[in-house]
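Asker: Pasting the sequence and the predicted coordinates here, then a few questions.
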Amino acid sequence: MSRARLAAPLFLALLSACSILPKAETPRIYTLPAAPGARPRAAAPVNWALRVAAPNAPRALENSRIAVVPEANTITVYAGARWADTMPKLFRDRLADGFRDSGRVSALSTDDSDLAADYELGGKLGAFQTEYVAGKPEVVVRYDAVLADTHKHRIVGSRRFEVHEAVDGKEVPQVVEAFGRAMDKVTTEVVGWTVQTAPAR
């Protein structure tokens with residue numbers, strides 16, 4: 001029997017084996033929704049510049065997966081779903097949007113551009129996940145904010161912000177909507193606190 005006749009069945013066997021392999025999953029990408037009018041609007045702008053930095057985060061949150069805690073001491077992710085960016089950057093960008101929309105801080109940048117600023121807002125994102133309490137899911141956002149004077153290299157204020165937001169269901173789109181509502185609340189609180197805490201120049 002020729003080599004060609006031997007090779008043909010082998011090639012067909014390999015081809016059929018390839019066809020039964022599972023297809024690569026295409027995740028659904030989600031942005032962080034914002035409710036119209038949920039962000040604060042205020043009158044007089046401040047006379048200092050602010051840089052918003054992406055917060056530090058534990059490894060479980062330092063990615064684009066949507067985290068869920070189904071039971072105590074266990075953290076996993078929703079299958080087939082991802083955020084549009086890593087969670088720390090998504091969080092930072094939402095805060096920056098809140099400052100822009102407030103009208104209070106006209107000189108605003110993020111740590112992506114590394115422009116000079118009078119103050120930098122950073123900190124740690126300790127929780128950005130869904131947690132099940134008595135069988136019902138709720139979104140938990142916990143942010144330990146640190147406001148620093150970049151000229152004097154000292155902290156001018158720090159505060160923990162924590163929001164729990166009930167999820168209207170258990171499907172991923174409903175979870176994402178709850179994340180948006182929770183983030184609206186955190187943004188409002190952080191913007192107000194920052195403006196009150198930073199001394200005038």
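Answerer: The structure has been received and is ready for your questions.

Asker: and residue 85, helix, strand or coil?
Answerer: Counting by DSSP: H, G, I helix; E, B strand; the rest coil, the backbone at residue 85 sits in coil.

Asker: Assess the claim that it and residue 92 are in contact.
Answerer: No. Between residue 85 and residue 92 there is no contact under Cβ atoms under 8 Å: 9.4 Å. No exception for glycine: its C-beta is placed from N, CA and C like everyone else's.

Asker: Those two: which is more packed in?
Answerer: Neighbours of residue 85 and residue 92, each counted by other Cβ atoms under 10 Å, are more numerous for residue 92; the result is 22 against 17.

Asker: What does the pLDDT read for the closest residue to residue 45 other than its chain neighbours?
Answerer: Take residue 45 and drop its neighbours on the chain: the residue closest to it by Cβ to Cβ, 6 or more residues apart in numbering is residue 106, 5.0 Å away. Looking at residue 106, its pLDDT is 92.

Asker: again with the one 5 residues further on
Answerer: On the pLDDT scale, residue 111 is placed at 97.

Asker: can you map out the helices along the protein?
Answerer: Applying DSSP state H to the chain gives helices spanning 3-19, 87-102, 172-197.

Asker: how many neighbours does the residue nearest to residue 45 have?
Answerer: 12.

Asker: Can you pull the phi and psi angles for it?
Answerer: Residue 106 has phi and psi values of phi -90, psi -30 when expressed as degrees, to the nearest 10.

Asker: and what of the one 10 residues further on?
Answerer: In this entry, residue 116 is assigned phi and psi values of phi -70, psi 140 (degrees, to the nearest 10).

Asker: Pull the contacting residues for it.
Answerer: 49, 150 (Cβ atoms under 8 Å, 6 or more residues apart in numbering).

Asker: Which pLDDT value belongs to it?
Answerer: With respect to pLDDT, residue 116 scores 95.

Asker: next one: residue 41
Answerer: Residue 41 is assigned 56 on the pLDDT scale.

Asker: Then the one 3 residues further on?
Answerer: For residue 44, the pLDDT comes out at 83.
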